[in-house]
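J.: Output the structure for:
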Amino acid sequence: MESAMDQRQREERAMNRTSGPLSWTRPAAMLRAEGAAMLAGGAALYWLNGESWWLFALLLLAPDASMAGYLAGPRVGAALYNVFHSYPLPAALGIFGLLAGAPLAVGVASVWFAHIGMDRMLGYGLKYGSGFKDTHLGRV
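T.: Below is the predicted model:
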């Protein structure tokens with residue numbers, strides 16, 4: 001008997017076989033394009049904010065430290081990873097930075113947005129509790 005995850009993956013593979021001029025409209029392709037836009041937008045906002053590019057490079061992979069949650073198991077790891085790889089926290093930080101006149105907070109939020117966008121562009125999505133490779137963009 002096929003599990004629900006296996007069935008969903010089989011359906012996603014069938015959907016991703018679309019070719020021709022409309023292949024770019026596949027959800028996976030659109031989510032990757034959206035990720036590229038977030039990466040570019042986050043980097044542009046960071047540049048406009050005037051922060052150090054050394055700080056950008058240092059912070060770009062910082063959200064991946066959340067993968068340490070997988071040491072406590074896949075469900076805890078997925079939950080922690082998803083908290084740091086979705087938009088509400090960097091959005092809150094950026095809004096706080098704008099309202100408080102704290103350019104460093106805006107800069108960190110911009111890098112955070114860029115990181116999430118980079119991950120989506122590369123095909124890394126939010127994780128399911130079944131394992132690190134099971135994401136909302138398909139199996140990695």
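J.: Quick check: next helix or strand after the strand ranked longest in the chain?
T.: Secondary structure of the chain per DSSP state E: the longest strand is strand 131-135. Per DSSP states H and E, the first helix or strand lying C-terminal to strand 131-135 is strand 138-139.
J.: one step back: who touches the longest strand of the chain?
T.: With contacts defined as C-beta atoms under 8 Å, 6 or more residues apart in numbering, strand 131-135 is touched by 5, 67, 70, 74, 77-78, 81, 123-128, 139-140. For glycine as for every other residue, the C-beta is placed from the backbone atoms N, C-alpha and C.
J.: Which members of those residues are positioned in helices?
T.: Counted as lying in helices by DSSP state H, out of those, are 5, 74, 77-78, 81.
J.: Can you flag the buried ones in these?
T.: 74, 77-78, 81 (16 or more other C-beta atoms under 10 Å).
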